[in-house]
Structure formats: structure tokens, C-alpha cells
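Student: Structure for this input, please:
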Amino acid sequence: MKKLLFILSYATVALAVFSWSAHAENERLTLLLNGQYTDKLSESSEQLTELEREVRKVILYRDPSSAEEPLGNIWRLSSEMKNNLSSLPLDRHFSSEWMNYLTRLGDYADLASRGAIPQEKWEKALGNAASNLAEFSGEWSAATQDMFIGGTGPDEWFARMEGDVPDKRWTDLGHAVKTYAESDFPLTASEHDEQKKKDLKHLKDEPVDRQEAIRLFRELFPAYNKASVHVSESGKDAAYPFFHIRFQDGVRIGYADLTEKGGHLLSLLVERPAGEERMTEAEVREKAGEFLRSAGYEDLVFEESRENTNVWHLSFVRVDPKNGAKVFADGIQLKLAKDDGEVLGVNAMEYIQKEDISEQPVKPFDPDNFFTDGTQVHSSELAYTANRQLVQRLCHLLIVTKEIGGRTDTYRIMVDTETGEILKSELLH
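Tutor: Next comes the predicted model:
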């Protein structure tokens, strides 16, 4: 009897210690997330102010060389803002519209810097953008003000975002940004086709319900079979219907989005404390390959990797089965933990949007006649990229080096297999 009482007492104390430890770890994670989200939100606000300043600055200059720097800054700032916003739990309709606007603004600045858009056209568009960004700055400040108030944390942010009644401030902000996009950068015919692809109009799969979405999520990520989940549906004004799954498993907090049509994975993001162990890039790539194969992504090849303190970011691209060419627009990006190779992030949006690839002839191509003497071709393969009309074109993808003035430069060049036009030329660092 004494033994039994001792065992029960010991178990009770152990359970209490475990519960306290788990609670403390969750509190620590909440504080870390709160700090991370607040920092990114603050940084986004600063970038918005700087973005407006650069847009106003660029319309001062008639000389293209003078406009080159602010146009480059517009592209850089819009890209940085998108990176910050993609990791914030903001209203999904607003986030989608704002990311779209930033993409169009950045792409427009990039095209203008390369002379692909007549100056009078981009001056008018960016003049409208300057006015709209000034108005948007005030609305953004009002919408985000309470997110800086002490005590507001990830739980409150998620609850507000997933509430049955949308926050009117964010809804109005999303509608405003959509109006800005339509007025500042009206779509061309080819861009309308591109937008249909982005809105997943091509998906023909049968819709799935909430329970099926949860089943598919657990099938993709069996490690979260015991996690608590909360499922919400996209709003009526969303570009396409999807399920938003928020889950918690111990110290892990995350969310995943799956399309309603077919239950395809759109994205995954997991937050949890980082461990001290470190895996090599080769080991992490093997883990990534195991996940892709288990998830049914059989037509992808590894393209590139980069790292920060705690994670590896890996990019994979789809291969066209007809000619073995890489389709860079159809990719999947993964984020894996350095300590154990756990998949902490997935972006499969581009893969789901699958490009419509047309047949294209491959004319004879002789690098010796195409490049000047002394240019060395280190690799050559087929790949697709979009031209100025946003049409996917089959290209020779070449990595070449050239020694000029005692320095060897490396270039990544894409040459249309039919027309011989250079569609991309990048100096690699």
C-alpha cells in the first residue's frame, strides 16, 4: 500500500512538474512570437514610409539614369515588405491584396528600370501610386495601432483574424488596396490570363469539406496527428476558396492553408524553439526529398539553397516531362530546421498554379557563334521563363564566365530556343 501511495505521489509530482515546464515553454514561445511579430510589423511600417518616399522621388527625374536608383529601391522595398508580411498573422483578404499590390509595384519598377515601359506611362502609374500610398499609410497606421499595445499576443492576433465577424478596418483596407491596384496598374490581356492562373481558376477538382481537409493535413504531416486544430474558411471576397488550419502541438504553433477544390496544400508555417544540433545541407536536402516524395511531389528537382541561423531554405522546380526543361514558375519552397530537419515551412502556391506550356521548336544553337571569344560555357540546359508578355518560353539556360579587366564575371543567361532573344541575363555574385 505504501509503495502504491509512493508511486501515485511521485506520478502526481512528476505530472505537475511536466505541466509547469510545458506551460513555461509555451509562455516563452508566446513571448518570442509576440516580439517577432511586433518587430516585423514595425519594420513593415518603416518600409512603407520609405517606399512612399522612393515612389515620390522617382517621378522627379526625366533622365533615366537618375531614376535608376529610386526604381531599384522601389523593387527592393516591395520585396522586403512581402517577406515581412508573409510571416505575419494578418487578415488574409487584406494580406492577399496587399501582397499583390506590392508585387505589381515592384515588377513595374523593375520593368521601368529596364526600359520595358515608356517613361510617360510609368510616370503616370507611379504618380497615382504615390497618392494612394500616402492615403494608405494613414489607414495602415490606424489598423495596426492596437497590435502594438502591451499584452496583445499571437493568440489574440489569431483569434481576431479567425473570428466569424471580420474586422472592418482590415476589410476596408483590403478593398482599398484592391481599388489602388486596379487604378494604378490596369491589367493587360496577358496579365488577365496570368491573374486567372493566380486565382486558381484552372482547378477542376471536387470540393472537400472541413473534415476531409483535416484528414489531408494529417496525412501530409503525420507528426501533427495529435495536435489540436482549428479550421476556418476563407472569406467570400477571397480570390479562391480555401481552408485555414491553425494547430498547436506542445511548443509548436502553426498554420496551413489548403484549397477547397481538391484539398491541395498552399502553405505551411510552424513556429517552435530552435535546438542546438546542426545538420549539414546534404542531410537537410535528404529530409526535404523524403517529405516531397511522401507528399506526392514526384516531378521536382532541387534548384538552390540558402541558410540563416536556425533554418535552411530550399527551392525545388518542376520538370516538364516532355522535354526535361525546368519550369521555374512552378516551384515549391521549403523551410527546414537545422537541428533535426523538421519541415517548418512550405510554399506550394506556384506549383498549384501550374503554367500552361505550349510546344516550341528548338533551333540549332552554337554558343561559340553566340558569345564573344574568351567566353566559357560551364553548363547548358533547357528551362522556361516568361517574356515581357508573360508568356512562358522555352530557353537555353546557360552559365557562362568571362574575364574582363583581370576579373572573372559569372552570368546566368536564358536564350529563347526559337527566336534567339535573350530573355534574362543576370550577373551572379
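Student: any idea how far residue 336 lies from residue 285?
Tutor: 9 Å (Cβ to Cβ, to the nearest Å). Bear in mind the C-beta positions are built from the backbone N, C-alpha and C, glycine included.
Student: which residues of the stretch 1-150 of the chain fall in helices?
Tutor: 2-58, 64-85, 92-113, 119-144 (DSSP state H, counting those that start in this stretch).
Student: Confidence-wise, which of the ones you listed is weakest overall?
Tutor: Here the lowest mean pLDDT among the helices of the stretch 1-150 of the chain goes to helix 2-58, at a mean of 61.
Student: Give me the more crowded residue out of residue 336 and residue 285.
Tutor: Higher neighbour count among residue 336 and residue 285: residue 336, with 25 against 19, using other Cβ atoms under 10 Å.
Student: Is that one part of a helix or strand, or is it coil?
Tutor: strand (DSSP: H, G, I helix; E, B strand; the rest coil).
Student: Which residues does it form beta bridges with?
Tutor: In this entry, residue 336 is beta-bridged to residue 312, residue 343, by DSSP bridges.
Student: Tell me, please, the helix or strand in the chain that averages the lowest pLDDT.
Tutor: Counting by mean pLDDT, DSSP states H and E, the weakest-scoring helix or strand in the chain turns out to be helix 154-162, with a mean of 55.
Student: Give the next helix or strand downstream of that one.
Tutor: Per DSSP states H and E, helix 154-162 leads on to helix 168-184 as the next helix or strand towards the C-terminus.
Student: and that following helix, which residues are buried?
Tutor: 169-171, 173-174, 176-178, 180-181, 184 (16 or more other Cβ atoms under 10 Å).
Student: what pLDDT, on average, does it get?
Tutor: 73.
Student: other SSEs contacting that helix?
Tutor: Packing contacts for helix 168-184, counted by 3 or more Cβ pairs under 8 Å, 6 or more residues apart in numbering; DSSP states H and E, involve helix 92-113, helix 119-144.
Student: Just the local confidence number for residue 208, please.
Tutor: 94.
Student: Repeat that for residue 287.
Tutor: 94.
Student: Okay, and it sits in which element?
Tutor: helix 281-294.
Student: List the buried residues in the helix or strand just after that helix.
Tutor: Next along the chain after helix 281-294, taking DSSP H and E as the criterion, comes strand 300-307. For strand 300-307, burial by neighbour count (16+ other Cβ under 10 Å) applies to residue 300.
Student: Neighbouring strands - and their directions - for strand 300-307?
Tutor: Partners of strand 300-307 in its sheet, by DSSP bridges: strand 311-319 (antiparallel).
Student: List the contacts of the strand it pairs with.
Tutor: With Cβ atoms under 8 Å, 6 or more residues apart in numbering as the test, strand 311-319 has contacts from 281, 284-285, 288, 292, 297, 299-307, 325-328, 330-338, 344-345, 351, 354.
Student: How far away from the center of its chain is it?
Tutor: 12 Å (Cα atoms, centre = their mean, to the nearest Å).
Student: again with stretch 48-59
Tutor: So, by Cα atoms, centre = their mean, the centroid of stretch 48-59 is 24 Å from its chain's centroid.
Student: Output it in CSV with nothing but the alpha carbons.
Tutor: Provided in CSV are the C-alpha atoms of stretch 48-59 (Å, rounded to 0.1, in the frame of the first residue of the first chain):
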residue,chain,number,x,y,z
LEU,A,48,6.0,51.6,-46.1
THR,A,49,7.1,55.2,-45.3
GLU,A,50,10.4,54.7,-47.2
LEU,A,51,8.5,53.1,-50.1
GLU,A,52,6.2,56.1,-50.4
ARG,A,53,9.3,58.4,-50.3
GLU,A,54,11.0,56.5,-53.2
VAL,A,55,7.9,56.4,-55.3
ARG,A,56,7.6,60.2,-54.9
LYS,A,57,11.3,60.7,-55.7
VAL,A,58,11.3,58.7,-58.9
ILE,A,59,8.8,60.9,-60.7
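Student: That one: which residues count as buried?
Tutor: 48, 50-52, 54-59.
Student: Stretch 380-389 too?
Tutor: Neighbour-count burial for stretch 380-389 [16+ other Cβ under 10 Å]: 382-386.
Student: and what of stretch 351-364?
Tutor: Buried, per 16+ other Cβ under 10 Å, within stretch 351-364: 351-353, 355, 357, 360.
Student: among these, which two are most distant?
Tutor: The span of the buried residues of stretch 351-364, defined through Cβ to Cβ, is set by 352 and 360 at 23.7 Å.
Student: what about stretch 260-278, average pLDDT?
Tutor: 89.
Student: ugh, typo on my part, it should be stretch 348-366
Tutor: Rounded mean pLDDT across stretch 348-366 is 88.
Student: Any idea how far apart the tips of it sit?
Tutor: End-to-end distance of stretch 348-366 (Cα to Cα, to the nearest Å): 36 Å.
Student: Summarise which helices and strands the helix or strand harbouring residue 402 is packed against.
Tutor: Here residue 402, judged by DSSP H and E, is contained in strand 392-404. Packing partners of strand 392-404 (3+ Cβ pairs under 8 Å, 6+ apart): strand 326-337, strand 376-386, strand 407-416, strand 422-428.
Student: Do I have it right that residue 132 meets residue 181?
Tutor: No - using Cβ atoms under 8 Å, residue 132 is not in contact with residue 181; the gap is 9.2 Å.
Student: So which bits of the helix holding residue 287 are buried?
Tutor: 284-285, 287-289, 291-292.
Student: mind listing what the closest residue to residue 276 other than its chain neighbours touches?
Tutor: Once flanking residues are discounted, residue 276 sits nearest to residue 339: 6.8 Å by Cβ to Cβ, 6 or more residues apart in numbering. Contacts here follow Cβ under 8 Å, 6+ apart; on that basis residue 339 touches 274-279, 310.
Student: distance of residue 339 from residue 290?
Tutor: 17 Å.
Student: Then residue 77?
Tutor: Counting by Cβ to Cβ - residue 77 and residue 290 are separated by 37 Å.
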